[in-house]
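Engineer: One predicted model, sequence on top.
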Amino acid sequence: MRPVFALLLMFCVSGCAARPETWVELKGQRYLVEVVADEPGRQQGLMYREQMPVDQGMLFLFDRMQPLAFWMKNTRISLDIIYFDQERRVVSVANKVPPCKSALCPNYPSSGPAIFVLELNAGEADRLGVKRGDDISFGPGIPSAGSP
């Protein structure tokens, strides 16, 4: 009985380790991303995190194209907020958005309708030279527009 249990445990551990990574690629740079596709997750975002590795980010998916605005309430790290349309092209970028340390936090709206938002560490968009019209590629496991 014990060898069967050990075999099952080994199978589970190896299966978990083989899980594919979720990533996006922007201007030739690949970022591992956490994908957020529901309202509670979008509201939580990167709140209360003290840091984020430079090669990581958070990708927010919405159900439809719409004007979007993000804020930094309870977010402790400065971020770049990059808005994308359904064709995965940059709509606008909010660069080096600082953490909000007050009760009233400003909004950082997209300059047009968007459906995806990528948050990266502050300065990444400038470092890559991200501009309106640039496109993003999605790795496996990221739903297409309108189907998060």
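Structural biologist: Nice, I can see it. Residues are numbered from 1 along each chain as shown.
Engineer: show me where this structure has strands.
Structural biologist: In the chain, the strands defined using DSSP state E lie at 23-26, 29-36, 56-71, 79-84, 90-97, 107-121, 136-138.
Engineer: Worst mean pLDDT across the helices and strands of this protein, which element?
Structural biologist: When the helices and strands of the chain are scored by mean pLDDT, DSSP states H and E, helix 2-17 comes last with a mean of 36.
Engineer: Out of the strands of the chain, which is the most enclosed?
Structural biologist: Counting by mean count of other Cβ atoms under 10 Å, strand 79-84 has the highest mean neighbour count of the strands of the chain, with a mean of 26. Placement of C-beta: from N, CA and C, glycine included.
Engineer: Put the alpha carbons of it into CSV.
Structural biologist: The C-alpha coordinates for strand 79-84 follow below in CSV (Å, rounded to 0.1, in the frame of the first residue of the first chain):
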residue,chain,number,x,y,z
LEU,A,79,4.0,50.7,-11.9
ASP,A,80,3.6,51.2,-15.6
ILE,A,81,0.0,50.6,-16.7
ILE,A,82,-0.3,49.7,-20.3
TYR,A,83,-3.8,49.6,-22.0
PHE,A,84,-4.5,47.4,-25.1
